[in-house]
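In: Here is my input; please provide its structure:
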Amino acid sequence: MRKYAIGAALLDKADPSKVIGRTPNPILSAADEDREGYVPNVVYTCGAIRVGDDIFLPYGVADSSVCFAFVAIAEILAAMD
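Out: Below you'll find the predicted structure:
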């Protein structure tokens with residue numbers, strides 16, 4: 001079964017077609033208890049908001065609920081290739 005997850009990419013501000021870095025692994029994926037629903041194994045977002053040194057990330061889970069996460073920007077950048 002497919003599994004959709006959320007990763008991160010850092011693009012060049014002057015030329016967004018240039019990828020500076022990206023996470024090799026997801027920063028957010030469905031937990032075991034979130035694998036059931038109309039669309040199982042799926043987390044998805046429509047955006048994120050910077051809050052201080054963190055990213056506030058609202059996301060949907062399996063088309064059955066809405067959740068949110070805070071992820072430290074430093075941790076995301078450290079995880080990028």
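In: So which elements touch the lowest-mean-pLDDT helix or strand in the chain?
Out: None of the helices or strands of the chain scores lower by mean pLDDT, DSSP states H and E than strand 43-44, at a mean of 83. When contacts are defined as 3 or more C-beta pairs under 8 Å, 6 or more residues apart in numbering; DSSP states H and E, strand 43-44 sits against strand 54-61. Placement of C-beta: from N, CA and C, glycine included.
In: next one: the least confident helix or strand of the chain to chain centre, how far?
Out: Relative to the mean C-alpha coordinate of its chain, strand 43-44 is positioned 8 Å out (C-alpha atoms, centre = their mean, to the nearest Å).
In: What pairs with it, parallel or antiparallel?
Out: Next to strand 43-44 in the sheet, as set by DSSP bridges, lie strand 54-61 (antiparallel).
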